[in-house]
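1. Got a predicted model here, sequence first, then my questions.
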Amino acid sequence: MMAAIRAAGFGQDITLLERKDSVGNKLLLSGKGRCNLTNAGDLEYFLKRFSKNGSFLRDAFKVFFNRQLMDFFEQRGLKLKVERQMRIFPQTDRSASILDILKKELEKSGVEVIHKARVVDVLLSSGKVKAVRLEGGRDIPCDKAILACGGASYSFTGSDASGINIAGRLGHEIVPLQPGLVPLDIKQGYPKKLEGLTLRNIRLKFTGGKSQLISEIGELVFTSSGISGPLVITLSGRVVDMLAQNKDVSVEMDLKPALSSEQLDKRLLREFKGNARKSVKNALKELLPLRLIKVFIEAAAIDPLKKCSQITQEERRKIISLLKGFRMDISGSRPIEEGMVSRGGVSLKEINPKTMESRLVKGLYFCGEMIDIDADTGGFNLQAAFSTGYLAGESASKTRDVSLPNRGTVPI
């Protein structure tokens, strides 16, 4: 949508081909339906939040960055707000508010939107774009085409890697797709017993071979098969990489990151002495959520009805060890369909970062999730989509071959 809006600003005839019966289906899901539009961080902060290829976006961000994106919506009457970690949301807390403005701007810009248009190929002549072919055999002539088809996550919204497959058939190198921002599965049976439980103010440490990833302090949520929540989602892409290199990857939960082992030991001694006749199960209510206590005591191999006065020094050390490092083994990630974003896509080596044009096919442009960029949660991925879309639309329209009939740019 942003590619089409920007391209239309240069007086070209623009057609937007939408596979579904309405535009913006995936946008409506973003930010749990609230749309974390962007982030208020500066350029360097942004680039550090991308997994590996953030520097590729420097040119796109120089042309259209977070302030310009916020201005785009605010100038059209939508008020925005800043939340924790500098995340930007519409004050309405509704993704539909963002989509409504984009749809109105498409109409105002004179963009022709064709719904239920499934693109199956981009046709070339002498290495240049000449048309886009739809399912059923209809060809739409054009001298420029922008592939903005998304990755492979949430395919029910229309992004099923079909655009990436088209790019591959045209000779582009495709970095294999993997899930990004995705829950992880656990080998042990703990998650099933703890499904839905949220742990707050904890820290995670992932270990695979000689590699380690340590999270910030934050939240984890147990699913039926594993773990999710902000801490897990943010590091999940790097954990997927770790799993590809190591068969054995584990995670340790520090349930009390604000306390050292020595401080915990003193606290436990105090709790146990002050509640000598209590069972250890009841005494741990001061330290852990009720649903976690049973699983925790099982892992510690301690009789839950054992009195605090009977707890041995070795058992107390075991409790402290688990509080500072409750270990679980990672069996894998959830499938790419369940990832918030896809990792991989069209290789950046074959895209000009100053224009988003293919280095292999003249008149073909890429933007958004279908190229090999991905970032943490926090508005970074959406900003990358808007920025690369804006640059692709601008580049395609500015460089149109005036010797050809005005057949238009086709953002797909």
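-> Structure received. What you see is a predicted model; the values in this text were computed from it and never measured. Residues are numbered from 1 along each chain as shown.
2. so what are the domain limits for the protein?
-> 2-180+338-411, 185-333 (automatic domain parsing).
3. tell me the most buried of those domains?
-> Here the criterion is mean neighbour count by mean count of other CB atoms under 10 Å, and of those the winner is domain 2-180+338-411, at a mean of 19. Quick note: C-beta positions are derived from backbone N, CA and C, even for glycine.
4. That domain: how far from the chain's middle?
-> On the basis of CA atoms, centre = their mean, to the nearest Å, domain 2-180+338-411 sits 15 Å off its chain's mean C-alpha point.
5. Begin at 13 from now on, thanks
-> Understood, numbering begins at 13; the last thing we discussed is domain 14-192+350-423.
6. Reformat the domains of the chain as TSV; add mean pLDDT.
-> Written out in TSV, the entries for the domains of the chain read as follows (pLDDT from 0 to 100):
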stretch	mean pLDDT
domain 14-192+350-423	93
domain 197-345	94
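7. what are the ranges of the helices in the stretch 63-212 of the chain?
-> Along the stretch 63-212 of the chain, the segments classed as helices by DSSP state H, counting those that start in this stretch run 70-75, 78-86, 107-120, 174-181, 202-206.
8. Same list, these, but as TSV with distance to residue 251 please.
-> Listed next are these as TSV, based on distance: least, CB to CB, whole Å:
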stretch	distance to residue 251
helix 70-75	27
helix 78-86	28
helix 107-120	28
helix 174-181	23
helix 202-206	16
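9. of all those, which lies closest to residue 402?
-> helix 70-75 (6.6 Å; CB to CB).
10. Wait, a helix at residue 40?
-> Yes: residue state for residue 40 (DSSP: H, G, I helix; E, B strand; the rest coil) corresponds to a helix.
11. so what's it up against?
-> Applying CB atoms under 8 Å, 6 or more residues apart in numbering to residue 40 gives the contacts 107, 108, 111.
12. Disregarding residues adjacent in the polypeptide, which is nearest to the last one?
-> The reference is to residue 111. Nearest residue to residue 111 in three dimensions, chain neighbours excluded: residue 36, at 4.2 Å (CB to CB, 6 or more residues apart in numbering).
13. how much space between that neighbour and residue 398?
-> Look at residue 36 and residue 398: by CB to CB, to the nearest Å, they are 13 Å apart.
14. show me the biggest helix of this protein in terms of residues.
-> Under DSSP state H, the helix in the chain containing the largest number of residues is helix 392-410.
15. what packs against that helix?
-> helix 14-20, strand 50-51, helix 70-75, helix 78-86, strand 156-159, strand 376-378, strand 421-423 (3 or more CB pairs under 8 Å, 6 or more residues apart in numbering; DSSP states H and E).
16. Tell me which of those sits nearest to residue 215.
-> The minimum distance between residue 215 and the helices and strands packed on helix 392-410 falls on strand 50-51, with 22.5 Å, by CB to CB.
17. what sits up against that closest one?
-> Outside strand 50-51, the residues touching it (CB under 8 Å, 6+ apart) are 57-58, 61, 78, 81-82, 97-100, 390-392, 394-395, 398.
18. ok, now stretch 169-185?
-> With CB under 8 Å, 6+ apart as the test, stretch 169-185 has contacts from 30-32, 37-38, 41, 130-134, 136, 159-165, 167, 186, 189, 354, 357-359, 361-362, 370, 372-373, 376, 378, 381-382, 424.
19. Which ones among those residues map onto strands?
-> When the contacts of stretch 169-185 are checked against strands (DSSP state E), the matches are 131-134, 136, 159, 186, 189, 354, 357-358, 376, 378.
20. quick one: the residue nearest to residue 111 and residue 108, what's the gap?
-> With distances defined as CB to CB, the gap from residue 36 to residue 108 amounts to 9 Å.
21. One more: residue 371?
-> Where residue 108 is concerned, residue 371 sits at a distance of 38 Å (CB to CB).
22. same thing with residue 322?
-> 59 Å.
23. Then residue 67?
-> Between residue 67 and residue 108 the distance is 34 Å, computed by CB to CB.
24. before we move on, what about residue 46?
-> In this structure, residue 46 and residue 108 are 10 Å apart, going by CB to CB.
25. Over to residue 396?
-> Residue 396 sits 22 Å away from residue 108, going by CB to CB.
26. Please apply the same query to residue 297.
-> When CB to CB is applied, the distance between residue 297 and residue 108 equals 43 Å.
27. do residue 218 as well
-> In this view, residue 218 and residue 108 are 36 Å apart by CB to CB.
28. now residue 235
-> Here residue 235 is placed at a distance of 27 Å from residue 108 (CB to CB).
29. what does residue 210 give?
-> Distance check for residue 210 against residue 108: by CB to CB, it reads 27 Å.
30. repeat for residue 366
-> Computed with CB to CB, the distance linking residue 366 and residue 108 is 34 Å.
31. Over to residue 224?
-> Separation of residue 224 from residue 108 (CB to CB) stands at 41 Å.
32. Output stretch 313-330 in PDB with nothing but the alpha carbons.
-> Coordinates of the C-alpha atoms in stretch 313-330 are reproduced here as PDB (Å, rounded to 0.1, in the frame of the first residue of the first chain):
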ATOM      1  CA  ALA A 313      13.000 -34.000  43.900                       C
ATOM      2  CA  ILE A 314      11.800 -32.800  47.300                       C
ATOM      3  CA  ASP A 315       8.700 -34.200  49.200                       C
ATOM      4  CA  PRO A 316       6.200 -31.300  49.000                       C
ATOM      5  CA  LEU A 317       4.800 -32.100  52.400                       C
ATOM      6  CA  LYS A 318       8.300 -32.100  54.100                       C
ATOM      7  CA  LYS A 319       8.400 -29.500  56.900                       C
ATOM      8  CA  CYS A 320      10.700 -26.500  56.500                       C
ATOM      9  CA  SER A 321      12.600 -27.500  59.600                       C
ATOM     10  CA  GLN A 322      13.500 -30.800  57.900                       C
ATOM     11  CA  ILE A 323      14.900 -29.300  54.800                       C
ATOM     12  CA  THR A 324      18.600 -30.200  54.500                       C
ATOM     13  CA  GLN A 325      21.400 -27.900  53.400                       C
ATOM     14  CA  GLU A 326      21.700 -29.900  50.200                       C
ATOM     15  CA  GLU A 327      18.000 -29.500  49.500                       C
ATOM     16  CA  ARG A 328      18.200 -25.800  50.100                       C
ATOM     17  CA  ARG A 329      21.000 -25.500  47.700                       C
ATOM     18  CA  LYS A 330      19.000 -27.400  45.100                       C
END
